[in-house]
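In: Sharing a sequence plus its predicted fold:
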Amino acid sequence: QVTLKESGPGILQPSQTLSLTCTFSGFSLSTYGMGVGWIRQPSGKGLEWLANIWWDDDKYYNPSLKNRLTISKDTSNNQAFLKITNVDTADTATYYCARITIAAPWFAYWGQGTLVTVSS
Amino acid sequence: DIQMTQSPSSLSASLGDRVTITCRASQDIGNYLSWFQQKPGKSPRLMIYGATNLEDGVPSRFSGSRSGSDYSLTISSLESEDTAIYYCLQYDKYPNTFGAGTKLELK
């Protein structure tokens, strides 16, 4: 059974760095073909893909935020991470992580999301 | 980036109606398209992958089709539980891109 759960700071101030954690079970990021992606959704708005990381540490970023994003993983603890530097109010959103595989790169499994508010 | 133009942005239909939502891709994406359903306060739920394949557990009244660069999600007979926002996603090329969403309501 695949499950994912996001965690984050809840609230942070403009210019700070946002650190998000995705803790998952039912698969391993050390297994061939596995990956995790991050997607966000401002309240009342649409979905925006942010980044993917694969079992081989291959990484892909949305170029609209590329310089601010860093995705990483800890295979021992079944976690994936996303950092966003220099946040501002436009980064206020619910952040989701989701599982992808080489055979199924379409975000079949999602976490419940974590709400992040950027406010001074 | 590949743009996914989704239409309509909102739709009001009656129980039992046939409903179709469409996404048009700005470049060739083959069949690398999925559809998600999102209800208020919930995470998106995968409905269709590979443009036409029904995800396990999704009711058979949902179907996906493709005509050229146009991809459609059809609900053959609308039920009350289908009210939600629907999004398409292209995963052929990075950056993956979502359509803007279609809000489906009951008339």
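Out: Ah, there it is. Remember, it's a predicted structure, so these values are computed and weren't measured experimentally.
In: List the residues that contact B:Ala13.
Out: Under the criterion of C-beta atoms under 8 Å, 6 or more residues apart in numbering or on different chains, the contact list for B:Ala13 reads B:Val19, B:Leu78, B:Leu104, B:Glu105, B:Leu106, B:Lys107. Heads up, the C-betas are built off the backbone N, CA and C, glycines and all.
In: can you list the residues you listed in CSV and add neighbour count and pLDDT?
Out: Output for the contacts of B:Ala13, formatted as CSV (neighbours: other C-beta atoms under 10 Å in any protein chain shown; pLDDT from 0 to 100):
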residue, neighbour count, pLDDT
B:Val19, 20, 98
B:Leu78, 20, 98
B:Leu104, 21, 98
B:Glu105, 11, 98
B:Leu106, 13, 97
B:Lys107, 9, 94
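In: What separation do you get for the residue sitting furthest away from the middle of chain A and chain B?
Out: Distance from the centre of chain A peaks at A:Ser120, with 23.5 Å (C-alpha atoms, centre = their mean). Applying C-beta to the nearest C-beta, to the nearest Å, the value for A:Ser120 to chain B is 27 Å.
In: That residue sits in which helix or strand?
Out: Under the criterion of DSSP states H and E, A:Ser120 resides outside all helices and strands.
In: Spit out the contact partners of it.
Out: A:Ser120 sits next to A:Gln13, A:Pro14 when contact means C-beta under 8 Å, 6+ apart.
In: Now with 10 Å, please.
Out: With contact set as C-beta atoms under 10 Å, 6 or more residues apart in numbering or on different chains, A:Ser120 has these partners: A:Leu12, A:Gln13, A:Pro14, A:Ser15, A:Asp88, A:Thr89.
In: And the pLDDT at the second one?
Out: The score at A:Gln13 is 97. That number is its pLDDT.
In: now swap in B:Arg24 and tell me
Out: Taken from the predicted model, the pLDDT recorded for B:Arg24 is 98.
In: Number of residues surrounding the nearest residue to it once chain neighbours are set aside?
Out: Taking C-beta to C-beta, 6 or more residues apart in numbering or on different chains, and ignoring the residues beside it in sequence, B:Arg24 has B:Thr5 as its nearest neighbour in space, at 4.6 Å. Burial of B:Thr5 is recorded as 14 neighbouring residues (other C-beta atoms under 10 Å in any protein chain shown).
In: pLDDT on the helix or strand where B:Thr5 lies, on average?
Out: Assigned by DSSP H and E, B:Thr5 belongs to strand B:4-7. Strand B:4-7 carries an average pLDDT of 97.
In: which strands and helices sit next to that strand?
Out: strand B:19-25, strand B:70-75, strand B:84-90, strand B:97-98 (3 or more C-beta pairs under 10 Å, 6 or more residues apart in numbering or on different chains; DSSP states H and E).
In: what do you get if the cut-off is 6 Å, keeping everything else the same?
Out: The elements that strand B:4-7 packs onto, with contact taken as 3 or more C-beta pairs under 6 Å, 6 or more residues apart in numbering or on different chains; DSSP states H and E, are strand B:19-25, strand B:84-90.
In: The first one versus strand B:84-90: what angle between them?
Out: If you take axes from the mean of the first three to the mean of the last three C-alpha atoms, to 10 degrees, strand B:19-25 sits at 30 degrees to strand B:84-90.
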